[in-house]
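Chemist: Quick one, what's the 3D model for this:
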Amino acid sequence: MELFQDEETVTLQLPHYDGKKERPSGEVWFFYPSDLRNDRRIPLSVDEEGLQKIDKSIMAKGECTVKVSWKSGAKRFYSASFLTVN
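Modeler: Residues are numbered from 1 along each chain as shown. Model (predicted):
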């Protein structure tokens with residue numbers, strides 16, 4: 001999984017998804033260890049390129065771990081990355 005951010009969105013990209021297979025399902029969890037009230041859990045909803053854009057207005061600024069769990073076909077996956085939301 002890769003994460004990108006601009007002024008308005010955080011974009012995640014799932015690996016190995018080419019848009020031809022069944023769309024993956026799962027969850028994106030923004031985990032803020034400094035204040036759990038800022039945590040956000042969002043359903044995974046990628047487009048045909050494996051991208052999901054998430055509006056930063058629903059997120060707190062600061063350091064978090066982005067945890068993504070998803071299922072594609074019969075396989076399950078998990079990835080975690082550190083992100084500073086600015």
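
Chemist: what's the neighbour count on E27?
Modeler: By other Cβ atoms under 10 Å, 12 other residues sit near E27. No exception for glycine: its C-beta is placed from N, CA and C like everyone else's.

Chemist: Which strand residues bridge it?
Modeler: Counting by DSSP bridges, E27 forms beta bridges with P43, S69.

Chemist: mind listing what the residue nearest in space to the middle of the chain touches?
Modeler: What sits nearest the mean C-alpha location of the chain, by Cα atoms, centre = their mean, is V28, with 4.4 Å. V28 makes contact with L12, R41, I42, P43, L44, Q52, I54, V66, K67, V68, according to Cβ atoms under 8 Å, 6 or more residues apart in numbering.

Chemist: how much space between the closest residue to it other than its chain neighbours and S81?
Modeler: Among residues not flanking V28 along the chain, I42 sits closest, at 4.6 Å (Cβ to Cβ, 6 or more residues apart in numbering). As judged by Cβ to Cβ, to the nearest Å, I42 and S81 stand 15 Å apart.

Chemist: Many thanks, we can stop here.
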